[in-house]
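1. okay, sequence plus prediction incoming.
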Amino acid sequence: MDTIAPASLPTHEAPAAEKRPWIFTRPTAKTGLISWLTTVDHKRVGLMYGFSALFFFLVGGFEALLIRIQLAVPNNTFLQHQTYNELFTMHATTMIFLAVMPLSAAFFNYIMPLQIGARDVAFPRLNGFAFWVFLAGAIILNVGWFIKAGSPDIGWFGYAPLTSKAYSSQFAGDISTDLWVMGLQILGVSSVVGSLNFIVTIINLRAPGMTMMRLPVFTWMTLITAFLIILSFPAITIALVELMMDRNFDTGFFEISKGGLPILWQHLFWVFGHPEVYILILPAMGIISEILPTFSRKPLFGYPIVVFSGACIGFLGFGVWSHHMFTTGMGAVATAAFSLATMAIAVPTGVKIFNWIGTLWGGHLKMTTPMMFALGFIWMFMMGGFSGVMHAAAPADAQQQDSYFVVAHFHYVLIGGSVFALLAGIHYWFPLIFGRTVSEFWGKLSFWVIFVGFNTTFFPMHFLGLNGMPRRTAVYDGNMGWNSPNFIATIGAFILGIGIAIYFVTMVYTLFKGPKAARDPWDGRTLEWALPNPPPEYNFAVTPSVHARDAFWYEKHHRDEIAREKIQHARSESEHGGIHMPSQSWFPLLTAIGMLVGSLFLANHNYLGAISGGGLTILGAYLWSPKAQAATTCTPNLTPTAKTPTPSTELPLIFLFPLSLYLSPSSSPPIPPTPTPSIGIKTKD
Amino acid sequence: MRLPAPSRIAFRQLAALSLASLASFLGGWSWIEGPQSTFDTQGPVAKSQLDVFYTTVWVTGIIFVVVAGVLTYATLKFRARNESDAHAEPPAQSHGNPFIELGLIAASVFALVIIAVPTLRAIWYTYDVPEAEKANAYEVNATGLQWWFRFDYPSEGLDNSGHLVTGNELVIPANRPVRINLRTADVIHSFWVPKLAGKVDMLPNRGNHLWLQADQPGYFWGQCAEFCGEDHAVMRFRVIALEAKDFAEWVAQQKQPARTVATNLTAEPLRIQPASLTFKRNAPGWSQEFDLNPLENWKQKQFPEKDENPALIAHGRKLFQEKSCISCHTVRGHEGVGTTAPDLTHVGARTTIAGGLLENNEANLRRWIIDPNNVKPGNKMYVGVPLGASVMPGYMLRDAKTGHLTPNIKIDNSEGAALAAYLLSLK
Amino acid sequence: MSHAATIDHHHDVTTSTGIPNKKLFMWAFLASDCMFFGALISTHLIYRLHPPPGSPDVSKIFSIELTSFSTFILLMSSLLMALAVNSLQKGHVRSTRHNLLGTIFFGLIFLGCQVYEFNHFVHEKGLTLSNSIFGSTFYTLTGTHGCHVAIGVLWLVLMYIRSFKPADPSRSWLARAIAHFVVFTITTVAGTAAVLGLVHTIQSHESLSVFIDHHLLATSTTVIGLALLTWFGFSRKPVDFGEANAIDVESMGLYWHFVDIVWIVIFTVVYLLEYL
Amino acid sequence: MSLTMDAKIATPTTHAGHTQSKFHTFVQIAMVLSVITGVEIVIIYLPIGKWLVVSSLVVLSTVKFLLVIFYFMHLKWDKVFCTILFFIGLVLALGTVAALLALFGAEASAPLTSQILHHSAPVIV
Ligand code: HEA
Ligand code: HEA
Ligand code: CUA
Ligand SMILES: [Cu+2]
């Protein structure tokens, strides 16, 4: 592919460096800790998102296991009620905001720019900033485990007035709820900023010829998800602001004694909350829509309608929030309206299912591990969707709401849906990102253990719910007929845990010891597979031009045409000064630290500290902005034997903070020559 | 497969065996027949909700069978069978078929209409007592408090003032629509008796209601279904439906002030043998004997115990004042005046205590009175009931700044026995 | 001297759509901000629909004159903002600066009015953040809008200072920029204090010497500050700010105008409807 | 790269059609906006039906709103995509506000403590 002779490119000098005081010198380290702390490379940011998300996934899973142990037998005394309440609150908050969302963001960051043929996102520093802010939020949320006040214990939707000072603060310094408020608020900032960036990137940084209707479906779903985020987060932001005002400044938004209406919190929360669940599932659907065509070796069935149905789900998602409130006595008319609107969402979702099956139909299915997860996704998501429709029928929901039936529903869509797809995605893009091949045997084994464990855990919960077991209960009596399903669910959870452990042990092993992957190992269809693995910092040596929907597939089948075009592009690009890459910066990190400090003080009701944190934030933002246009130029290594330091080899160093400073320069072994793409490419002109 | 290898046979036997044991394990406890089963409906509201549920199950079940069938077929039919197959020439690169797609959309819409129609009907039916029955409906108020329920009967006025109030056990007439006004005194709770009706929330500053009807007399389990803080899990209650005659009798009995057991007050209170009660926290609060016939057991409770000890009861009554139980509880006709805790006027005639958590018997009462926190951690009797800006102290006094607890009321084993005897005598 | 006005401000060839990245970013952000204010306004209206017992009589609190005045001020600032963008798109740096200064000035007046209004409501009308829900929703809604205005003013000031960045890359300008900013801030604060003092003096019919007695520090600081600002503003060196920066000013302008239209809605929904 | 202080435009550009008149357009728009604001303030004191006042207020502020976004914010001259982008947010926000007000306006939502404001009723319609 990149077989253009380097000689065909004119060389050029880097522009004269600007003089600046030493604290403002630009970090230039390409390896080691500093390079990670100051990075603006979308791939590195993506990796940092991914690793933190996986860490929190394990934390959330660990919390889930504690929950399941407590529920294994009736009237268990393993956990105290209070601890149990903290656990399910943090389990949900962690899984949703610190595991699934950032894991999706990891893929948005890493894969999406590659799929549209871009060199980075539109605002690289903002991107780094979004990550650090995410980390700040994650820290704030989890600080509670280490302080006397304890972790938040109000449930993941924190219904007022349980969050008010009167009911959630056992003593003056009980800030667990404040931590929850500030943590979510900060995470909201991260998500919105990140999403604005993705929107601009997808709309504006597409390679020539990459029209909207040629965008890979994953990129489409990224775009729609980003829209959902920027349009739904404001609602919870306001709700949290109002709650914060109540707690810090004695306002009366949700204060009963002042005539406040706690139901308002529910509305504002779910105006955000329902789009949120689609924020969790749409990226997953995007991943599935990449994997199925690749391994069926034919294009996605009905591309336009899949894209359109995604948009439709996103849009309808804003009009159904009150289906979480069927039991709040909204009145028959409102209940009926939301009931029907909710059912309507089954139609565009069904369209996706049908089209995935259509994609399989007539294909040559390669049963690889990602494909297994993708097929598992269809099955499990469908079941979760059907229990969703059962909820949508409001009278039936009167019996199901806040029972284990809901717990079953949302774990089917969240694990069987989102998590399955994300696991599929990790496996699918692993060779590209880390240049190593994951073992199929261990991959498939982990799939089957996860699949069996998952169903063992959550299928019985349908019966628990219909048999009257309410959720969020730390204990239950032994005479209710709930003993055996609960026990089975606990066993299932451990099987599931083992499956996940197998999956991740395999991944970690592969990261260090796995066999090197061939280029384009799956016979991919989208542009990211055109790159060497792992991709170089600037992604594309030459900006690709796109002629068809499955751009890379087309390239592979029109080699000569593409090669000619590339030489042309390379020339015109180097005439314009070569590749400009944004330069690294400390300021995104500084700004995020300012937010961390400010919100911790605010949670502590220490306003002086909060203001100084805010000041730090503003300072960081100010220092960073005048440099926003600055950029460094780099010359692509067009020879396949390039020695590019790769993220995969040094990422673990992040965890060895002091050591890495010494180790890093020598720690990146040369990447062996990339073999020419082989598997499955048929040159046919 | 030439000859059935021994291992294979063994495997089959093992599989059969484990299947059988699995079936018996699962079947032994039926998964849908507990005291809070939504399948075992006992009234029209729950029934209509179940009907809607079945509709959704049928429709989605059929769709599931069809879609999953096609999916399975496609997976099996088109999968690459071996390595060379996997690398064969790619299949035809087809892009879709609008007619199939539109057809499937239409089919989905049709399926949803089948669900929607009964849904809409049931929404209106379950929302409020049907017009024709309005006049016949019996009205009660239910109030949720952290973590127990107060029930009052606005139509059952008392002689001196106010109306009938009970706690944690709602007694209603069977075969007659009951309209329940739902209120809360603090956070959000939810009123759920699965066999009679789906839940409706009790929201602050909002007047919700629910209607239900028990087709037969019976004893029903209910539970708070909205997370309401530390003890949400053990905020339970019961509903007892009685024949019209029994109900009238019950109301008449309840309207009476508390029962007094005559004693010679000058007599020495008996020495009480302090039974050693080792409490395992959250050990089951129920007994299997009770579950065998709950309604009958409830009826038994309405009559005084046979082995009452009048002296002990009198001592208990005295302790009830001395230990300041009266500041939170009311025993109408006796000393209590408090309204922040369950009314205890006829507590002896109830089958449960502590928010439906424990069966009401001597041992459990004693257990609860001596060490409420061990039974129901964090309950408001232990840490005190918030009253506006201040707190009515309970067994402990809480320091508002640090949250530190200092003891306020201490009940030893023999005092507990006396109090239990007294409370049990209140039929 | 290069040819000005050679950039097509409605088409950026480096992006796929021709819309500059920053503009697209800002529009997407504003779409998000619509939901933000939508949620706040809903909260306010819902509590107006169901005022809890003991709610204050709102029409007795509001003062239509003041609000109309600040509405007018904000509209004028929007005009100047639009003109600033217009000038810069034509490459007129100096008139851009004047327009920016004008926008800042009006923005500050608006903020001053709001501070005055809040102060008045709290102290004269007894409406506080916490003594009624109306207070809570009103102050939170208008206060959030005020925060948006304040952020806008800060941004405008920074942009104004940015317009002095020298073209010669060897001259370090950061220290100068910070000094400029500090002087700007101090002058603003001192100037506000001085003007308030003057108003107070006039209202209480005291002589000018009393004013000078009490407000000497503020007045002299203001005068010195203004002088310094003028000096800062008299740079004749070529600057690294021009038509190419029009997009920066334009995105800032979009934000500023949005804050203006939010006020249009608040003015009608929160204020005017109370008079019905 | 413009390094100039005050370059006067010499060359009319390809899209010059509107650049010339924009200054006047902006000033005129500002005048219209002020006038409308004045009218709004007068309207509320007019002795006419409440619904008429409310609907004219709604219409007038919508006009102001549109004038600002289309002229001051250049939507009129920019790519339509900007308009679409903004309207996605705007429409969803309006829809949400309307839905919330309708939900809270419903009888079932009347708080126990409310003293329904008689004169704000038209807001929900
Ligand atoms: C990934 C997240 C995700 C997804 C995708 C969904 C999807 C859906 N959800 Fe779910 N939901 C949650 C996450 C999710 N949900 C969570 C987390 C909660 C609980 C929050 C809490 O309380 O903590 C919840 C709760 C929840 C409730 C509230 C329950 C209650 O508390 O009482 C309801 C009620 O209507 C509901 C409905 C639906 C519906 C109708 C869909 C639909 O989108 C599903 C559509 C899919 C299908 C129907 C299957 C495929 C379709 C076909 C094969 C076509 C043909 C089918 C038909 C015509 C029926 N969900
Ligand atoms: C994406 C979201 C997500 C995910 C992935 C999960 C995953 C799991 N969840 Fe969770 N869950 C929620 C979202 C999610 N959940 C939400 C929103 C709620 C509602 C909360 C509320 O009511 O407020 C909830 C509530 C909830 C409950 C109900 C609690 C209650 O109502 O009382 C239960 C009970 O079984 C449960 C179980 C599980 C289990 C067993 C898993 C498993 O899939 C977990 C599998 C993972 C592992 C098992 C980890 C493997 C790791 C190891 C083996 C190593 C661990 C060791 C160390 C960390 C040192 N979850
Ligand atoms: Cu009350 Cu849960
Ligand atoms: Cu939902």
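-> Here it is on my side, so go on. Numbers count the residues shown, from 1 in each chain, chains lettered A, B, ... in the order given. Ligands and ions are numbered 1, 2, ... in the order given.
2. state which helix of chain B is the longest.
-> helix B:44-78 (DSSP state H).
3. flag every buried residue along that one.
-> Going by neighbour count (16 or more other CB atoms under 10 Å in any protein chain shown), the buried part of helix B:44-78 is B:44-46, B:48-50, B:52-53, B:55-56, B:59-60, B:63-64, B:67, B:71, B:74-75, B:78. In short, each C-beta sits where N, CA and C put it, glycine included.
4. which among those residues are in contact with chain C?
-> Among these, no residue lies close to chain C (CB under 8 Å from any CB of the partner chain).
5. where do the helices sit along the stretch 301-427 of chain B?
-> Taking DSSP state H, counting those that start in this stretch, the helices of the stretch 301-427 of chain B run over residues B:310-322, B:362-370, B:372-375, B:380-383, B:413-425.
6. kindly report the same for chain C.
-> C:21-49, C:58-61, C:64-89, C:93-123, C:133-162, C:174-203, C:208-233, C:246-266.
7. go on, chain D?
-> Counting by DSSP H, the helices of chain D are D:16-43, D:50-67, D:80-105.
8. bridging residues for whichever residue of the stretch 51-200 of chain B sits closest to chain D?
-> Closest residue of the stretch 51-200 of chain B to chain D, CB to the nearest CB: B:Arg183 (8.1 Å). Taking DSSP bridges, one obtains B:Thr143 as the residues bridged to B:Arg183.
9. just to revisit the earlier point, quick one: closest of the helices of the stretch 301-427 of chain B to C:Asp213.
-> Among the helices of the stretch 301-427 of chain B, helix B:380-383 comes nearest to C:Asp213, with 60.4 Å by CB to CB.
10. does that closest one reach ligand 3?
-> No. In terms of CB under 6 Å from any ligand atom, no part of helix B:380-383 sits within range of ligand 3; the closest distance is 12.2 Å.
11. mind listing what's buried along that helix?
-> Quick answer for helix B:380-383 (16+ other CB under 10 Å): B:380-383.
12. can I get the residues you listed in TSV including pLDDT?
-> Listed next are these as TSV, based on pLDDT from 0 to 100:
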residue	pLDDT
B:Lys380	91
B:Met381	93
B:Tyr382	92
B:Val383	89
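13. tell me which of the residues you listed is nearest to A:Val40?
-> Closest to A:Val40, out of all of these and judged by CB to CB, is B:Val383, at 52.3 Å.
14. in TSV: the helices of chain C, plus mean pLDDT, distance to ligand 1 and mean neighbour count.
-> Converted to TSV, the helices of chain C look like this (pLDDT from 0 to 100; distance: least, CB to the nearest ligand atom, whole Å; neighbours: other CB atoms under 10 Å in any protein chain shown):
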stretch	mean pLDDT	distance to ligand 1	mean neighbour count
helix C:21-49	94	20	24
helix C:58-61	84	37	15
helix C:64-89	90	42	23
helix C:93-123	91	39	19
helix C:133-162	93	27	21
helix C:174-203	85	47	16
helix C:208-233	85	56	15
helix C:246-266	92	32	24
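15. give the buried residues for the lowest-mean-pLDDT helix or strand in chain D.
-> When the helices and strands of chain D are scored by mean pLDDT, DSSP states H and E, helix D:16-43 comes last with a mean of 80. For helix D:16-43, a neighbour-count test (16+ other CB under 10 Å) marks D:19, D:22, D:25-26, D:29-30, D:33-34, D:36-37, D:40-41, D:43 as buried.
16. ok, now stretch A:548-565?
-> Buried residues in stretch A:548-565 (16+ other CB under 10 Å): A:549-558, A:562, A:565.
17. go on, stretch A:200-209?
-> A:200-207, A:209.
18. chain center to the least confident helix or strand of chain D: distance?
-> 13 Å (CA atoms, centre = their mean, to the nearest Å).
19. next one: stretch A:483-496
-> 28 Å.
20. rewinding a little: from the buried residues of stretch A:548-565, which land in helices?
-> A:551-557, A:562, A:565.
21. biggest separation within the residues you listed, which pair?
-> Every pair of those checked by CB to CB; the farthest is A:Trp553 and A:Glu565, at 16.2 Å.
22. distance between stretch A:346-364 and the chain's centre?
-> For stretch A:346-364, the distance to the chain centre is 24 Å (CA atoms, centre = their mean).
23. got it, and stretch B:392-400?
-> Using CA atoms, centre = their mean, the offset of stretch B:392-400 from its chain centre is 28 Å.
24. same check on stretch B:313-330?
-> Distance, centroid of stretch B:313-330 to centroid of chain: 29 Å (CA atoms, centre = their mean).
25. CA atoms only: put that stretch into PDB for me.
-> What follows is stretch B:313-330, C-alpha atoms only, in PDB (Å, rounded to 0.1, in the frame of the first residue of the first chain):
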ATOM      1  CA  ILE B 313     -48.200  -6.500  82.000                       C
ATOM      2  CA  ALA B 314     -48.700  -3.800  84.500                       C
ATOM      3  CA  HIS B 315     -45.000  -3.500  85.000                       C
ATOM      4  CA  GLY B 316     -44.600  -3.200  81.300                       C
ATOM      5  CA  ARG B 317     -47.200  -0.500  81.100                       C
ATOM      6  CA  LYS B 318     -45.200   1.400  83.700                       C
ATOM      7  CA  LEU B 319     -42.000   1.000  81.800                       C
ATOM      8  CA  PHE B 320     -43.700   2.200  78.700                       C
ATOM      9  CA  GLN B 321     -44.000   5.600  80.400                       C
ATOM     10  CA  GLU B 322     -40.700   5.600  82.200                       C
ATOM     11  CA  LYS B 323     -38.700   4.700  79.200                       C
ATOM     12  CA  SER B 324     -40.300   7.500  77.200                       C
ATOM     13  CA  CYS B 325     -41.800   5.100  74.600                       C
ATOM     14  CA  ILE B 326     -44.800   7.400  74.900                       C
ATOM     15  CA  SER B 327     -43.100  10.300  73.300                       C
ATOM     16  CA  CYS B 328     -43.200   8.600  70.000                       C
ATOM     17  CA  HIS B 329     -46.000   6.000  70.300                       C
ATOM     18  CA  THR B 330     -49.700   6.200  71.100                       C
END
